[in-house]
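Visitor: Structure for the following, please:
(one chain, ligands or ions: 4)
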Amino acid sequence: AKELGRGVHCFFEPGMDMALRKRRSLERDLRHAMQENELTLHFQPLFDSSQTLVTFEALLRWTHPTLGPIPPTEFIPMAEESGLILALGEWVLRTACRTAIGWQEGYRVAVNLSPIQILRGTMPALVQAILNETGLPSSRLELELTEGMLIHNAEEALEQLVALRQLGVRLVLDDFGTGYSSLSYLHRFPFDKLKVDRTFVQRLESDSSARAIVNAIISMSKNLNLEVTAEGVETLAQFEMLRAQGCHELQGFLLGRPMPETEIRHFQPLFGSQ
Ligand code: C2E
Ligand code: CA
Ligand code: CA
Ligand code: CA
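Guide: Numbers count the residues shown, from 1 in each chain. Ligands and ions are numbered 1, 2, ... in the order given. Okay, the predicted model is just below:
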């Protein structure tokens, strides 16, 4: 039996591929990252159509002690699968609100939420508690969500979003255009604004159908009383096109990269003072 055991062990060991093992150990490390102060938030500015800085989006950063920076596109899905996203998301929300209360200019802060946080059913109470604790007015908090979960859990999601909106926070539909649902369907949800996905913005200059899609999104949003933000603005040409089409807010490397909190007060916007 012992031999068989060892044999089985030897048989499976090489079969468990490196990727899976690496992932397991990364998952373990992420659990410690919060206590070990390896997590930080960076903040990326959003400008309105008159080039006034209005909001900073909080973006999570993890610097692993030996592996260095790990991109959120790698560790967020991991945190979602392991359930760690709940603790992580709470940390992000609290840290973002605490940071924003120190901004004398009154900028809003936008926080990304995972569908798992919404479907837990406890977000409205948590948001209210963190707003009370930090003293941040609800009007200065925006919550960014992707449409994915809305289609699959429409009833639960709607209930949670309505409750969140009643707190006075603004709800933003992130990565718009990458999913399958139509804008008229999504209008059933209490969103204040939508963010046109970066992939459309990147194709604006070279692809007339991308231009037509963005145009259609913007004009339909107006009819539905939704504001429109464009993310991923990297060139002046994209910036001009989006402004000409009537985009309310713009965000992207051209206008400002995500930065640590300490850099915010030294930040010089592309278009001078605001
Ligand atoms: P997202 O919410 O769509 O965030 C925008 C991403 O695009 C950010 O990447 C940002 O750095 C990047 N970006 C901004 N402007 C430009 C640009 O002009 N060009 C290009 N090429 N990229 C630009 P990041 O920080 O790596 O985040 C990736 C994704 O990870 C986010 O996408 C979001 O889905 C997720 N994420 C980040 N922080 C959090 C968090 O605190 N909670 C949750 N649930 N998800 C988060
Ligand atoms: Ca976002
Ligand atoms: Ca986005
Ligand atoms: Ca995205």
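
Visitor: interface residues of the stretch 151-274 of the chain facing ligand 3?
Guide: Asp174, Asp175, Glu231 (C-beta under 5 Å from the ion). Bear in mind the C-beta positions are built from the backbone N, C-alpha and C, glycine included.

Visitor: Out of those, list just those in strands.
Guide: Here DSSP state E is the test, and these give Asp174, Asp175 as lying in strands.

Visitor: Present the residues of the stretch 151-274 of the chain next to ligand 3 as TSV; the columns should include neighbour count and pLDDT.
Guide: TSV is the format used below for these (neighbours: other C-beta atoms under 10 Å; pLDDT from 0 to 100):
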residue	neighbour count	pLDDT
Asp174	21	94
Asp175	18	93
Glu231	22	97
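
Visitor: Could you dump the residues of the stretch 151-274 of the chain next to ligand 3 into TSV and include distance to Glu57?
Guide: Listed next are these as TSV, based on distance: C-beta to C-beta, whole Å:
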residue	distance to Glu57
Asp174	10
Asp175	13
Glu231	9
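
Visitor: Check the residues of the stretch 151-274 of the chain next to ligand 3 one by one and keep those near ligand 2.
Guide: Asp174.

Visitor: Return the member of the residues of the stretch 151-274 of the chain next to ligand 3 nearest to Val111.
Guide: Closest approach to Val111 among those (C-beta to C-beta): Asp174, at 10.9 Å.

Visitor: That closest one: what's it in contact with?
Guide: With contacts defined as C-beta atoms under 8 Å, 6 or more residues apart in numbering, Asp174 is in contact with Asn112, Glu144, Leu145, Thr146, Lys195.

Visitor: One more pass at 10 Å, please.
Guide: 57, 110, 112-113, 143-147, 193-197, 229, 231 (C-beta atoms under 10 Å, 6 or more residues apart in numbering).

Visitor: can stretch 45-58 be found next to ligand 2?
Guide: No: shown here: stretch 45-58 not in contact with ligand 2 (C-beta under 5 Å from the ion), separated by at least 5.8 Å.

Visitor: mind saving the C-alpha coords of that stretch as PDB?
Guide: Below are the C-alpha coordinates for stretch 45-58, written out as PDB (Å, rounded to 0.1, in the frame of the first residue of the first chain):
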ATOM      1  CA  PRO A  45      -8.000  61.200 -12.400                       C
ATOM      2  CA  LEU A  46     -11.200  61.700 -14.400                       C
ATOM      3  CA  PHE A  47     -12.000  65.100 -16.000                       C
ATOM      4  CA  ASP A  48     -15.300  66.600 -17.000                       C
ATOM      5  CA  SER A  49     -15.900  68.100 -20.400                       C
ATOM      6  CA  SER A  50     -14.500  71.500 -19.300                       C
ATOM      7  CA  GLN A  51     -11.300  69.800 -18.300                       C
ATOM      8  CA  THR A  52     -12.000  70.100 -14.500                       C
ATOM      9  CA  LEU A  53     -10.700  67.300 -12.400                       C
ATOM     10  CA  VAL A  54     -13.700  65.800 -10.800                       C
ATOM     11  CA  THR A  55     -13.000  62.300  -9.600                       C
ATOM     12  CA  PHE A  56     -10.200  59.800  -8.800                       C
ATOM     13  CA  GLU A  57     -10.700  56.100  -9.500                       C
ATOM     14  CA  ALA A  58      -9.000  53.900  -6.900                       C
END
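
Visitor: which residues of the stretch 51-200 of the chain fall in strands?
Guide: 53-64, 68-70, 108-112, 141-146, 170-176, 193-196 (DSSP state E, counting those that start in this stretch).

Visitor: So which of these is nearest His266?
Guide: Proximity to His266 (C-beta to C-beta) singles out strand 53-64 among those, at 13.4 Å.

Visitor: can you pull the buried residues of that closest one?
Guide: Neighbour-count burial for strand 53-64, with 16 or more other C-beta atoms under 10 Å as criterion, is recorded at Leu53, Val54, Thr55, Phe56, Glu57, Ala58, Leu59, Leu60, Arg61, Trp62.

Visitor: Same check on stretch 169-185?
Guide: Val169, Arg170, Leu171, Val172, Leu173, Asp174, Asp175, Phe176, Gly177, Ser181, Leu183.

Visitor: Quick check, pLDDT for the fourth one.
Guide: We note a pLDDT of 96 for Val172 in this prediction.
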